[in-house]
Each structure stands twice: as structure tokens, then as C-alpha cells.
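J.: Dropping the sequence and predicted coords here.
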Amino acid sequence: MSSAPSPRREDPRYLSTAEAEAMEQELLRDYRFGRQQLIEIWGHACAVAVAKAFPLPSLPRKQPTVLVVCGPAQNGAIGLVCARHLRSFDYEPTIFYPKRSPDPLHRDFTTQCEKMDIPFLSYLPTEVQLINDAYNAVVDAVLGAEEEVGEGRGPCAPILATLRLVRIPIVSLDVPSGWDTEVGGSGGGISPEVLVSLSAPKQCSRRFLGRQHFVAGRFLPYDLQKKFELNPPQYPGTECVVALPPPRE
């Protein structure tokens, strides 16, 4: 006699921009997480997600190359940390970081990558070069959820134009660059194959139609999870990221 199927866990909560910002501020102010600490946690988790999406034995090319494209705000710093951890995982990351932040933390993350002999490109390859230069994937750490911080789409428009045309897989960190954080993709956005939501998925990720959607929120204190009614997924073993099923409408 077969047993009845176990009930499906309630879907994770998809946060609005205001809720995500409020939760991050509580982590910084009330729980005494440092900005460097959060960026390090998220960057490591993103590298783990990349490794899960593109495990070394399954890559189609001999060299496990990944291009990490970083913007000037916090998402770019997370990309730098992601690249450093990918290097530790035996991938071969290359970084394109055209508008470097003067923030001392970002400078430190840049130095760490340089000290690990991760190459920095002086220009973004064209969509044809990205394929011919044998990159297995591109990590999109350009805008994320911080488009409104003043850097905007303007300086990043050429980057987005190229990323919209590439045919190799894109991994977007938190919010795909060019997307509206609340409503999702638009004509100026990209179409990633993989999305890594930081702490909790954002409203726009309901519109994500790619192959895998990971969430990196295991580190969140229980009281904070309860306050924001996150309904987090179950993280097996010691995993720091987990793949989400498609959201139910």
C-alpha cells in the first residue's frame, strides 16, 4: 500500500524592494552584520550556485572559464567575491570591472582577486568574441537591485546590449541587470539561464523563466525569517544555496 504524498511546503515569500531593503538594514543595524561580512556570504553562495549549475565534469569546454561582469555598486562587489571563490573551486574566472568603486571594501575585494592572479579585462568582448574565446558562462553582477543608486542604466547600457545578445549561459546575481525589481524584465533587460536570489527571492523573480533559480538565505537569523514571513526552503545537509521550484501563481 503506497503512502500518501507529503504535502508541499509553502512557497517562499517573494519580497518587494522596500522589504528587501528593510531586511538588509536590520541585518546591519540590529543583528550587527557588517557590510563586508554580508558581501562575503553572498559572494561565496553565488560561487557555489555557479558550481552547481555548471559542475566541472559536465562543462563542454576543456577549460572551466567564467567571465564575471561587475558594476560599481554592491552587486559588483558580490561579483568580485564570487570570482575569488570560483578560483578557489578550480574554475578560471576573468573579471570585467570597467567603473571601479572608490569604496575601500570594493578596493579590498579587487586586490584579493588580483593577488589570486585573476585577470581583469580592459574591455568587454563582443558577443561573438565571448563565444569564440571559450567562456562557459557569464556572471551578471552589473546592476542587481541597486539600479536606483545613481549609476543607473546609462553607463551600463553598452554592457547590457552585449549581454542581451550572447548565446552562452548567463548567471544573474539577485536581480537580472536591466530588470525592474518589482515587475521583472523589460526591453532593456537580459535573459539569464540561472538566477541566484540573495537572502530571499524578489518580486521580479516570479518572471524568471530560466533553467535554475537558487536562493542563498540559510544564514538569516530565525527571528528575521519569522518577522518577514520568508517561508524559506529546506537546505539539505550543510548547503548554503538551494534550487527553488517554479512559483505557483
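T.: Nice, thanks for sending it over. Numbering: from 1, shown residues only.

J.: Quick one: the strands in this structure, in order.
T.: 65-70, 92-96, 120-121, 137-141, 170-173, 194-198, 212-216, 242-243 (DSSP state E).

J.: Tabulate those in a markdown table, adding columns for mean pLDDT and distance to Asp223.
T.: Quick note: C-beta positions are derived from backbone N, CA and C, even for glycine. Formatted as a markdown table, the strands of the chain follow (pLDDT from 0 to 100; distance: least, Cβ to Cβ, whole Å):
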| stretch | mean pLDDT | distance to Asp223 |
| --- | --- | --- |
| strand 65-70 | 94 | 33 |
| strand 92-96 | 94 | 36 |
| strand 120-121 | 92 | 41 |
| strand 137-141 | 94 | 30 |
| strand 170-173 | 96 | 26 |
| strand 194-198 | 96 | 19 |
| strand 212-216 | 96 | 19 |
| strand 242-243 | 95 | 21 |
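
J.: Please tabulate those in CSV, including the columns distance to Ile41 and mean neighbour count.
T.: Formatted as CSV, the strands of the chain follow (distance: least, Cβ to Cβ, whole Å; neighbours: other Cβ atoms under 10 Å):
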stretch, distance to Ile41, mean neighbour count
strand 65-70, 17, 26
strand 92-96, 19, 20
strand 120-121, 24, 15
strand 137-141, 15, 28
strand 170-173, 13, 28
strand 194-198, 9, 28
strand 212-216, 8, 23
strand 242-243, 15, 17
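
J.: Export these as CSV, with columns for distance to Glu19.
T.: Output for the strands of the chain, formatted as CSV (distance: least, Cβ to Cβ, whole Å):
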stretch, distance to Glu19
strand 65-70, 26
strand 92-96, 31
strand 120-121, 35
strand 137-141, 22
strand 170-173, 19
strand 194-198, 13
strand 212-216, 15
strand 242-243, 20
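
J.: Minimum distance to Asp30: which of those has it?
T.: strand 194-198 (18.5 Å; Cβ to Cβ).

J.: Does the closest one pack against any helices or strands, and if so which?
T.: In terms of contacts (3 or more Cβ pairs under 8 Å, 6 or more residues apart in numbering; DSSP states H and E), strand 194-198 is packed against helix 35-53, strand 170-173, strand 212-216.

J.: Can you lay out these as TSV showing distance to Leu28?
T.: Compiled in TSV, the helices and strands packed on strand 194-198 are given as follows (distance: least, Cβ to Cβ, whole Å):
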stretch	distance to Leu28
helix 35-53	7
strand 170-173	19
strand 212-216	17
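
J.: give me the beta-bridge partners of the residue nearest the centre of the chain?
T.: Geometric centre of the chain, nearest residue: Leu173, 1.7 Å, by Cα atoms, centre = their mean. Taking DSSP bridges as the rule, Leu173 bridges to Val196.

J.: got the contact list for it?
T.: 42, 46, 75, 78-79, 82, 139-141, 144, 196, 198 (Cβ atoms under 8 Å, 6 or more residues apart in numbering).

J.: Swap in 10 Å and give it another go.
T.: 42-43, 45-46, 49-50, 68, 70, 74-76, 78-79, 82, 139-145, 192, 194-198, 216 (Cβ atoms under 10 Å, 6 or more residues apart in numbering).

J.: now it: how far from Gln25?
T.: Distance of Leu173 to Gln25, computed by Cβ to Cβ, to the nearest Å: 20 Å.
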